[in-house]
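>>> Make a model of this:
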Amino acid sequence: MKPTEARKQAIAAYKEKKDVGGLFRIVHENGWQGPVLATPNLAGMQNRLAFAKKTGGCFDMKLREVWDRFPAEGFSLVELERLEGREGQTAAEFRAELGELLALWRDGNGEGCAKLCRKTGRG
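Purely as a prediction, here's the structure:
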């Protein structure tokens, strides 16, 4: 396969890749729990945390005080809800849905994704 063909295939595969975002929380093994947050890229957030743990740097300035207090290797990311982007959905629309999901979760009704799915016709 020629390099240009491989490049074209890689670009096509990237374009077909679905966005997978969702809600997560950073926790520490000592029991500390951070706030529920949303991200349009759960895998990217997991990578950011792994890199921060390896290098000893904090990946989010809002967590800096806690990060400095506890050993970095004790932090982990807990995925709370997963949301896949829909075909034809813009990044802004996906972020808006994540914001709605986060609001539903913070309201404490415990039905975040199910309620959003009914509202948006996802399932």
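>>> Now for the most centrally placed residue in the chain: which residues touch it?
The centroid of the chain falls nearest to Leu42 when counting by Cα atoms, centre = their mean (2.9 Å). Residues near Leu42 by Cβ atoms under 8 Å, 6 or more residues apart in numbering: Val20, Gly21, Gly22, Phe24, Glu79, Arg82. Every C-beta, even on glycine, is put in place using the N, C-alpha and C of the backbone.
>>> rerun at 6 Å
Contacts for Leu42 (Cβ atoms under 6 Å, 6 or more residues apart in numbering) come out as Val20, Gly22.
>>> for this protein, what are the low-confidence residue spans?
1, 13-17, 109-123 (pLDDT under 70).
>>> Mind doing that once more with 50?
By pLDDT under 50, the low-scoring segments of the chain are 122-123.
>>> What residues of the longest helix belonging to it count as buried?
With secondary structure taken from DSSP state H, the chain has its longest helix at helix 91-106. With burial defined by 16 or more other Cβ atoms under 10 Å, the residues of helix 91-106 counted as buried are Phe94, Arg95, Glu97, Leu98, Glu100, Leu101, Leu102, Leu104, Trp105.
>>> And those, which is closest to Trp67?
When those are compared for distance to Trp67, the smallest value, 22.1 Å, is given by Leu102; criterion: Cβ to Cβ.
>>> Quick check: the closest one touching Pro40?
No - Leu102 lies out of contact with Pro40 (Cβ atoms under 6 Å); the separation is 11.6 Å.
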